[in-house]
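Visitor: following is a predicted model, sequence given first.
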Amino acid sequence: MARYTGPKAKKARALDEPIFGYSRAFERKKYKPGQHGNTRGRRRQPSDYKLQLTQKQIAKFTYGVLERQFRNLFEKAQASRGVTGEVLLQLLEARLDNVVYRLGLAPTRRAARQLVSHRHIMLNGRLNNVPSTQLRIGDTVSVRPKSQGLEVVRDTVSSKSDVRNYGWLSFDQGKMEGSFLAYPERENIPEKINTQLIVELYSK
């Protein structure tokens, strides 16, 4: 399964967003990486293209998708009846690995992707090891019975109850099972992503 394996803190600092979650390195070094990253001198105003590209990169790294997957999701969103940028985020939120993360079954999206790919997650009662699977309204996501004792799952479920406070999801901690109730509205998605800039980039 293709995924980004480079330095996480450096990439997050370059984009000025905690795309892999907050870390000590990101908090400690509030400047761009590289030789001139910590200069206080006058900086050139970024071009429109750079601003657009940066937003696309933030979205890709936040949700852990590569260019081809992201492009396919954009084209699917563009062909829909809704607002392209909002639908794009909804499709990203409806990925199986993201829902596992939102339900509080994993501490990060990377960890959620690993749980799925290692066959610890069930979709509608069946094992599913494809992180990019698109959920539909009414789908249920649960932890495989044999995997419910995993330390990472137990610890995250007990400490991340705030993660599950989303109106488009429900979660039964006793059953280790959640439901995908609806596609989220843009104002309910906490990620700071300017989807209009992404639309402008792909519309050129």
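Guide: Ah, there it is.
Visitor: alpha carbons only for contacts and neighbour counts from here, please
Guide: Will do.
Visitor: how about the most centrally placed residue in the chain, what does it touch?
Guide: Nearest to the geometric centre of the chain sits residue 63, at 2.8 Å (Cα atoms, centre = their mean). The contact partners of residue 63, by Cα atoms under 8 Å, 6 or more residues apart in numbering, come to 92, 98, 109.
Visitor: tell me how this protein divides into domains.
Guide: Domains of the chain are assigned by automatic domain parsing as 8-29+46-91+191-202, 95-182.
Visitor: any chance of those domains in JSON lines, plus mean pLDDT?
Guide: As requested, these are exported to JSON lines (pLDDT from 0 to 100):
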{"stretch": "domain 8-29+46-91+191-202", "mean pLDDT": "85"}
{"stretch": "domain 95-182", "mean pLDDT": "92"}
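Visitor: deepest of those, which one?
Guide: domain 95-182 (a mean of 18; mean count of other Cα atoms under 10 Å).
Visitor: do me a favour and get the end-to-end distance for that domain?
Guide: Criterion Cα to Cα, to the nearest Å; first-to-last residue distance in domain 95-182 is 13 Å.
Visitor: gap between that domain and the chain center?
Guide: Relative to the mean C-alpha coordinate of its chain, domain 95-182 is positioned 13 Å out (Cα atoms, centre = their mean, to the nearest Å).
Visitor: can you check stretch 90-97 too?
Guide: How far stretch 90-97 lies from its chain's middle: 8 Å, per Cα atoms, centre = their mean.
Visitor: right, and the helix or strand after whichever helix in the chain runs longest?
Guide: When the chain is parsed with DSSP state H, its longest helix is helix 48-63. The helix or strand immediately downstream of helix 48-63 is helix 67-78, counting by DSSP states H and E.
Visitor: what's next to the helix or strand that that next one is followed by, contact-wise?
Guide: Next helix or strand after helix 67-78 toward the C-terminus (DSSP H and E): helix 84-93. If you take Cα under 8 Å, 6+ apart as the criterion, helix 84-93 is touched by 63, 73-74, 76-78, 80, 98-99, 134, 183-186, 195-196, 198-199.
Visitor: likewise stretch 149-160?
Guide: 104-107, 148, 173.
Visitor: can you add secondary structure and distance to residue 129 and give those residues back as CSV?
Guide: CSV is the format used below for the contacts of stretch 149-160 (DSSP: H, G, I helix; E, B strand; the rest coil; distance: Cα to Cα, whole Å):
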residue, secondary structure, distance to residue 129
104, coil, 18
105, coil, 15
106, coil, 15
107, coil, 18
148, coil, 16
173, coil, 22
